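Participant: Quick one, what's the 3D model for this:
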Amino acid sequence: MTEIENDVGSFSQTNSEYEVGFGKPPKGHRFKSGKSGNPRGRRKMSANIWNALYGALDDKIRTTKGRQSKKLSSAEVYVRLQTDRALRGDWKAFMWVMKLAAKAIKVKPMTDAEEQSGVLVMPWEFFGKSKAEQAVDIKKEAARRNDLKARGLPYP
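Facilitator: I've put the predicted structure just below:
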């Protein structure tokens, strides 16, 4: 036998009770008892922009209207401000409010066929009323539809 083979053979014979390999580090390189293998811990999450936005929109703001004071979320305050601007004639605010309303309550613009046909959308309760009450409701709904059409607003 050569010297190298003798050295390897003697090493393997002295440490025969523990085999070093994958997942089996040498005894001197194992974690010390009582100490963590990850002393600094998991790194902190980076700030998520969407969570920060939702948190900011959920913050409560004290608002007053006349003599009443309420706590409203930032999102609600923003929607109310935009609605007030739209009512005062701000075109961009009006378009923003209409887009939001279209998403929130699914307001859809009338098709050309509906516009020309004079179709009125009536609730189910309408059909349970007497003929006289139906005639009054039809006149009111037609006036509302014509008013919306004159303003250029969608009629659901």
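Participant: sec struct for residue 31, please.
Facilitator: The local conformation at residue 31, judged by DSSP: H, G, I helix; E, B strand; the rest coil, is coil.
Participant: so what are the domain limits for this protein?
Facilitator: Residue ranges of the domains in the chain are recorded as 59-107, 108-156, according to automatic domain parsing.
Participant: Without its sequence neighbours, what residue ends up closest to residue 75?
Facilitator: Among residues not flanking residue 75 along the chain, residue 57 sits closest, at 4.0 Å (Cβ to Cβ, 6 or more residues apart in numbering). Where you see a C-beta, it was placed from the backbone N, CA and C, and this is true even at glycine.
Participant: quick revisit: the domains of the chain: which one's closest to residue 32?
Facilitator: domain 59-107 (47.3 Å; Cβ to Cβ).
Participant: circling back to that earlier point, so for residue 18, which of the domains of the chain sits nearest?
Facilitator: Proximity to residue 18, assessed across the domains of the chain by Cβ to Cβ, is greatest for domain 59-107 (59.8 Å).
Participant: what distance separates the helix or strand encompassing residue 135 from the centre of its chain?
Facilitator: Counting by DSSP states H and E, the secondary-structure element that holds residue 135 is helix 131-151. In terms of Cα atoms, centre = their mean, to the nearest Å, the centre of helix 131-151 is found 38 Å from the chain centre.
Participant: From residue 48, how far off is the most centrally placed residue in the chain?
Facilitator: The central residue of the chain, meaning the one whose C-alpha is nearest the mean C-alpha position (Cα atoms, centre = their mean), is residue 54 at 7.6 Å. Taking Cβ to Cβ, to the nearest Å as the measure, residue 54 falls 9 Å from residue 48.
Participant: Equivalent analysis for residue 31, please.
Facilitator: The separation that residue 31 has from residue 48, given Cβ to Cβ, amounts to 33 Å.
Participant: now residue 131
Facilitator: As judged by Cβ to Cβ, residue 131 and residue 48 stand 60 Å apart.
Participant: more neighbours, these two?
Facilitator: Looking at residue 131 and residue 48 with other Cβ atoms under 10 Å, you find the greater number of neighbours at residue 48, namely 10 against 6.
Participant: Please pull out the lowest mean pLDDT helix or strand from this structure.
Facilitator: helix 3-14 (a mean of 52; mean pLDDT, DSSP states H and E).
Participant: Now the element after it, going C-ward?
Facilitator: Next in sequence after helix 3-14, counting helices and strands by DSSP H and E, comes helix 49-58.
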